[in-house]
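# model this:
(chains A and B)
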Amino acid sequence: MNEMTLPVPCADYEYDLVELVDGALAPERARAVRVHLAACPRCRAWQQEFATLDARLAATLPRPTLSDSFDQRLQERLASLSRRAPATDSKAVADRDYSRIMEAIRRGARRHAVLDALASVAVMACLLIAAGRWLAPLGGAMSALEGPARWITLGVLGSAVAAAALAWSAHRGALPLAGGFR
Amino acid sequence: MDAGIEQYLAEGRHALAFELVVPAYRDRVFRLAYSMLRERAAAEDATQETLVRVWKALPGFDGRAALGTWIYAITRNTCLMELRRRRPTVSLDDPDSAEAQRASASVATGPAADPERENLLRLVDRLPANQQEAVRLFYLEDRSYETVAERLDMPLGTVKNLLHRARKRLMELARPDEVKAA
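You can find the predicted model right below:
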């Protein structure tokens, strides 16, 4: 065999020879490979050369470790980041809480406004029915009004009722008027 | 250890979880970073940067990947960013590039009086980047295929192939030099 050239192992055993050196071969396969090695000088030579390289690599490649001060420097950096973080987080949390509260107030105010409006209409309807019976004797007076005069009179009475209902709701603070939530 | 960390995460106790992450992972992260960056100081900086990123992202960790897989992915990304920052236009897989040839000068080596050791380290530097990384990590992690596969997030078969090609190439590269020396 020419010593200048690398010996070539049997193709079926090349990977097994590597794993045998690495100690990664299953026991049954390892036994079979060793039997082959005993009978094959090419594979023996190649495996020996590989084992030599493997040992040199294990002995030569650097195996550095972390410096003793690593943990301390890491903690200092994290402490610095933690000192910067709380102010930002607190402001963000406060802003979110404020927005949630204001939205809840607006939703509640809208609910109250709707309920109050419905209550106003119901009250006015009851008053009108009662007034209708009470004012029945005055029906004759109304019938005396004809044409535009009747409609103007009815319109004024209706506007007065609506204005009274709105004024009552505004007084209760239920309407979303400008500046109403200061 | 990971079970304890994940328990704390599930309870929302991220600070306690991180206190367990640091001792469990800092050395593994450092070895992975060193296998990629090949400089002790740079690997230590990358380790610190990785742990800071883990600290920030831990509250959002959803457990879809294993904790170790997630941390090693952050490590690789951190190191790749550092490699891009150093060498933005050079292919990392070209062993004949000028940068690859100069890269051998950046390796922390032992005493200059050991030419055989220096020669082997130079040969390792001539390997493609992915093979170099696998070889360095393999010997840093006490020659465990499974550990290398986990750190690099590669199938076991791929790691074995990568290591086999790398070491076979080193055998071929080493032989002519031995003959020349003789």
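# can you give me the helices in chain A?
A:14-22, A:27-39, A:41-60, A:70-134, A:139-144, A:148-172 (DSSP state H).
# Show me what from chain A comes close to chain B.
By CB under 8 Å from any CB of the partner chain, the residues of chain A that approach chain B are A:4-6, A:14-15, A:18-19, A:22-24, A:49-50, A:53-54, A:56-58, A:60-67, A:70-71, A:73-74, A:77-78, A:81. To be clear about C-beta, it is placed using only N, CA and C from the backbone, and glycine gets the same treatment.
# rewinding a little: so can I have JSON lines of the helices of chain A showing mean neighbour count and mean pLDDT?
Listed next are these as JSON lines, based on neighbours: other CB atoms under 10 Å in any protein chain shown; pLDDT from 0 to 100:
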{"stretch": "helix A:14-22", "mean neighbour count": "19", "mean pLDDT": "95"}
{"stretch": "helix A:27-39", "mean neighbour count": "12", "mean pLDDT": "96"}
{"stretch": "helix A:41-60", "mean neighbour count": "17", "mean pLDDT": "94"}
{"stretch": "helix A:70-134", "mean neighbour count": "12", "mean pLDDT": "78"}
{"stretch": "helix A:139-144", "mean neighbour count": "9", "mean pLDDT": "66"}
{"stretch": "helix A:148-172", "mean neighbour count": "12", "mean pLDDT": "82"}
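# Turn those helices into TSV, columns for distance to residue B:171.
Shown next, in TSV, are the helices of chain A (distance: least, CB to CB, whole Å):
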stretch	distance to residue B:171
helix A:14-22	11
helix A:27-39	17
helix A:41-60	6
helix A:70-134	37
helix A:139-144	119
helix A:148-172	94
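# out of those helices, nearest to residue B:150?
Nearest of those to residue B:150, taken as CB to CB: helix A:14-22 at 16.6 Å.
# Show me what the closest one is packed up against.
Applying 3 or more CB pairs under 8 Å, 6 or more residues apart in numbering or on different chains; DSSP states H and E, one finds that helix A:14-22 contacts helix A:27-39, helix A:41-60, helix B:156-181.
# and it, C-alpha only, in CSV?
Output of helix A:14-22 as CSV, limited to C-alpha atoms (Å, rounded to 0.1, in the frame of the first residue of the first chain):
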residue,chain,number,x,y,z
GLU,A,14,-16.9,3.3,6.7
TYR,A,15,-19.6,4.9,8.8
ASP,A,16,-19.5,2.1,11.3
LEU,A,17,-15.7,2.6,11.8
VAL,A,18,-16.3,6.2,12.7
GLU,A,19,-19.1,5.4,15.1
LEU,A,20,-17.0,2.6,16.7
VAL,A,21,-14.3,5.2,17.4
ASP,A,22,-16.9,7.6,18.8
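# Compute the inter-axis angle for it and helix A:27-39.
Here helix A:14-22 runs at an angle of 100 degrees relative to helix A:27-39 (axes from the mean of the first three to the mean of the last three CA atoms, to 10 degrees).
# what does helix A:14-22 rub up against?
A:9, A:25, A:29-30, A:33-34, A:37, A:43, A:46-47, A:50-51, A:54, B:143, B:145, B:160, B:163-164, B:167 (CB atoms under 8 Å, 6 or more residues apart in numbering or on different chains).
# what element comes up after the worst-scoring helix or strand of chain B on mean pLDDT heading to the C-terminus?
The weakest-scoring helix or strand in chain B, judged by mean pLDDT, DSSP states H and E, is helix B:98-103 (a mean of 45). Once helix B:98-103 ends, the next helix or strand along the chain (criterion: DSSP states H and E) is helix B:115-125.
# quick check, distance from that following helix to the centre of its chain.
Computed by CA atoms, centre = their mean, to the nearest Å, the chain-centroid distance of helix B:115-125 equals 19 Å.
# can you check stretch B:44-55 too?
Computed by CA atoms, centre = their mean, the chain-centroid distance of stretch B:44-55 equals 14 Å.
# got any ranges where chain B has weak pLDDT?
Scanning chain B for pLDDT under 70 picks out B:1, B:88-113, B:176-182.
# For it, what lies in contact range of chain A?
B:22, B:26-27, B:30, B:34, B:40, B:43-44, B:47-48, B:51-52, B:55-56, B:107-110, B:116-117, B:120-121, B:124, B:135-136, B:139-140, B:143, B:145, B:160, B:163-164, B:167, B:170-172, B:174-175, B:179.
# I'd like to know which of the residues you listed are buried.
B:22, B:26, B:30, B:34, B:40, B:43-44, B:47-48, B:51-52, B:55, B:107, B:109, B:117, B:120-121, B:124, B:135-136, B:139-140, B:143, B:145, B:160, B:163-164, B:167, B:170-171, B:174-175 (16 or more other CB atoms under 10 Å in any protein chain shown).
# Indicate which one of the helices and strands packed on helix A:14-22 is closest to residue A:108.
Closest of the helices and strands packed on helix A:14-22 to residue A:108 is helix B:156-181, at 62.7 Å (criterion: CB to CB).
# how far off helix A:41-60 does the closest one point, in degrees?
90 degrees.
# Can you name every helix or strand that helix B:156-181 contacts?
Looks like helix B:156-181 contacts helix A:14-22, helix A:41-60, helix B:115-125, helix B:129-140, helix B:145-152 (3+ CB pairs under 8 Å, 6+ apart).
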